[in-house]
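*Asks:* Provide a 3D model corresponding to the input given below.
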Amino acid sequence: MSNTIYIGYYFKANPLQPAVEILIAELGYAGFESFVETDEGVTAYIQKNDWNEHILDDIHILNSDAFTITFTFDEIEQTNWNAEWEKNFSPIVVDNKCSVRAPFHDKPDTAYDIIIEPKMSFGTGHHETTHMMIQYILNHDFQNKAVLDMGCGTGVLAILAEMKGANPIDAIDYDNWCYLNSLENVQRNACNHITVLEGDASLLPGRKYDIVIANINRNILLNDMKTYTDTLNAHGVLFLSGFYNDDIAIIRDECAMYGLNHVETLERNNWVALKFEK
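*Replies:* Coordinates of the predicted model:
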């Protein structure tokens, strides 16, 4: 079992929008990695190792006169996460083509049906960045492509890549909980071509891919961009997300340094996903 412990913050906001959108953006910059929107606000999760008692000091919206925001927080017991998941999770459908659901949900009429139990892993499909990455995969040719899902979370993107015909696929995450959860979800979806690895970009030298999917955060992407580029075969494709509209310029400039051409942008609630070609 993973040793990762999370802190959960439960925010109530009035008015609800755009407070929740702004709050998620600011919390993302502060290091929170997973969000569940609720009828009253948003629940945000951060690893305890990344948490400190001053974590909210730079969340400016909390001091805004335009909104009333209250919150409580506690440490998440790992053994209780499945109950929290079943209580809060609803199935999603992306572009009427791909569903992401739990085993206890009814099977929808979609071309691709992914069944996951994410526990504390990030990447259920609800978050804007995962949603946009699913859109990219749906609209791109993955047949017989060698694929890397970097920062795989639940493994949902790697699973969809296999459903689209990719082979072989590496799914990598540094978080032990994500690693174990991805293994479970890969098995649950009867995938045969996905290798799940625990680690970071240091695992990549010597590996080659036609497509790299990296849904992480801006700082990690900037730090590891050269490594991603080095793994790409000629005419390879790089899909990036985990950052905001304001970050496009710095991401694009970094990619240009390594000969990557920006060819497409998706945006969803100020989060963006970018497509590059080598």
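
*Asks:* Centre of the chain to stretch 171-188, how far?
*Replies:* Distance, stretch centre to chain centre, for stretch 171-188: 13 Å (Cα atoms, centre = their mean, to the nearest Å).

*Asks:* scratch that, stretch 37-50 is what I was asking about
*Replies:* Taking mean C-alpha positions (Cα atoms, centre = their mean), stretch 37-50 and its chain are 15 Å apart.

*Asks:* again, but for stretch 42-52
*Replies:* 16 Å.

*Asks:* what about Tyr6, how many residues close to it?
*Replies:* With neighbours defined by other Cβ atoms under 10 Å, the count for Tyr6 comes to 22. For the C-beta atoms, the positions are set from N, CA and C on the backbone; glycine is no exception.

*Asks:* Likewise for Ile5?
*Replies:* Ile5 - counted by other Cβ under 10 Å - has 15 other residues nearby.

*Asks:* do the same with Gly151
*Replies:* Gly151 has 26 neighbours, counted by other Cβ under 10 Å.

*Asks:* Lowest mean pLDDT among the helices and strands, pick that one out for this protein.
*Replies:* helix 81-88 (a mean of 60; mean pLDDT, DSSP states H and E).

*Asks:* Okay, now the unreliable bits of the stretch 51-200 of the chain?
*Replies:* Scanning the stretch 51-200 of the chain for pLDDT under 70 picks out 77-89, 118-126.

*Asks:* need the strands for it, in chain order.
*Replies:* 68-76, 92-94, 98-101, 112-115, 147-150, 169-173, 194-198 (DSSP state E, counting those that start in this stretch).

*Asks:* what about those, which gets the closest to Val42?
*Replies:* Nearest to Val42, of all the strands of the stretch 51-200 of the chain, is strand 68-76, at 9.5 Å by Cβ to Cβ.

*Asks:* The closest one pairs with which strands?
*Replies:* strand 6-14 (antiparallel) (DSSP bridges).

*Asks:* Now do the following helix or strand past the strand it pairs with, average pLDDT.
*Replies:* Counting by DSSP states H and E, the element after strand 6-14 in chain order, helix or strand, is helix 19-30. Mean pLDDT, computed over helix 19-30, is 88.
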